[in-house]
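*Asks:* sequence and predicted structure are below.
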Amino acid sequence: MADSLITHYFEDLKVGMSGSFAKTLSEADVESYAGVTGDFNPLHVNREYAEHSIFKHRIAHGMLCAGLISSALGDRLPGPGAIYMSQTLEFKAPVAFEDTVTATITVKELQPEHHHVIVTTVCSVGGKVVISGEALLKVPSKNIMHDQKQQTPALV
């Protein structure tokens, strides 16, 4: 997988470019997330409790869904080397087990002085937006990468 990743340098990016990552969230994903984070809210892990909630069934953690944005950014666009600096999120709808969540990022603004990129972030299920927001990234520059390679001493 790592061999197939492509880094889009700051100079390669244009406003409007987008990338996405999709994953079907399983019960095992939700249980693993609860175990890793310690978030055992019964809406996520207790069937009986969730059946009596406004959702009528268990739902995936919002932050688990939002985490898919990181895959879109780090693996798709801009890709490896991008540094996630900040993120806003608005949770708009619940995500059920076995829903396929698609995280899509779109370049909104380029800030050349510091190689910063602002992207819109959207998670959707079947075309319905479940999470929206914006992220700020620092993206590698071809010029900086070239300068670093020239300054690296040769290994003998």
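*Replies:* Cool, got the structure.

*Asks:* so who does the residue nearest to the spatial centre of the chain touch?
*Replies:* Nearest residue to the geometric centre of the chain (CA atoms, centre = their mean): I69, 1.2 Å. Taking CB atoms under 8 Å, 6 or more residues apart in numbering as the contact definition, I69 lies against Q87, A103, I105, T121, C123, I131, G133, A135. Bear in mind the C-beta positions are built from the backbone N, C-alpha and C, glycine included.

*Asks:* quick one: the strands in the protein, in order.
*Replies:* Counting by DSSP state E, one finds strands in the chain at the ranges 18-24, 83-87, 90-91, 100-111, 116-125, 128-138.

*Asks:* kindly reformat the contacts of I69 as a markdown table containing pLDDT, neighbour count and distance to P42.
*Replies:* Below are the contacts of I69 laid out as a markdown table (pLDDT from 0 to 100; neighbours: other CB atoms under 10 Å; distance: CB to CB, whole Å):
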| residue | pLDDT | neighbour count | distance to P42 |
| --- | --- | --- | --- |
| Q87 | 97 | 16 | 27 |
| A103 | 97 | 24 | 26 |
| I105 | 96 | 25 | 32 |
| T121 | 98 | 24 | 28 |
| C123 | 98 | 29 | 23 |
| I131 | 98 | 23 | 22 |
| G133 | 98 | 17 | 26 |
| A135 | 97 | 22 | 30 |
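
*Asks:* list the contacts of the closest residue to T88 other than its chain neighbours.
*Replies:* Of all residues not flanking T88 in the chain, G133 sits nearest, at 4.3 Å (CB to CB, 6 or more residues apart in numbering). By CB under 8 Å, 6+ apart, the residues touching G133 are A66, I69, Q87, T88, L89, E90, T120, T121, V122.

*Asks:* redo those residues as CSV? Include distance to H52.
*Replies:* As requested, these are arranged in CSV below (distance: CB to CB, whole Å):
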residue, distance to H52
A66, 26
I69, 31
Q87, 32
T88, 32
L89, 27
E90, 26
T120, 36
T121, 32
V122, 31
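
*Asks:* alright, calling it a day.
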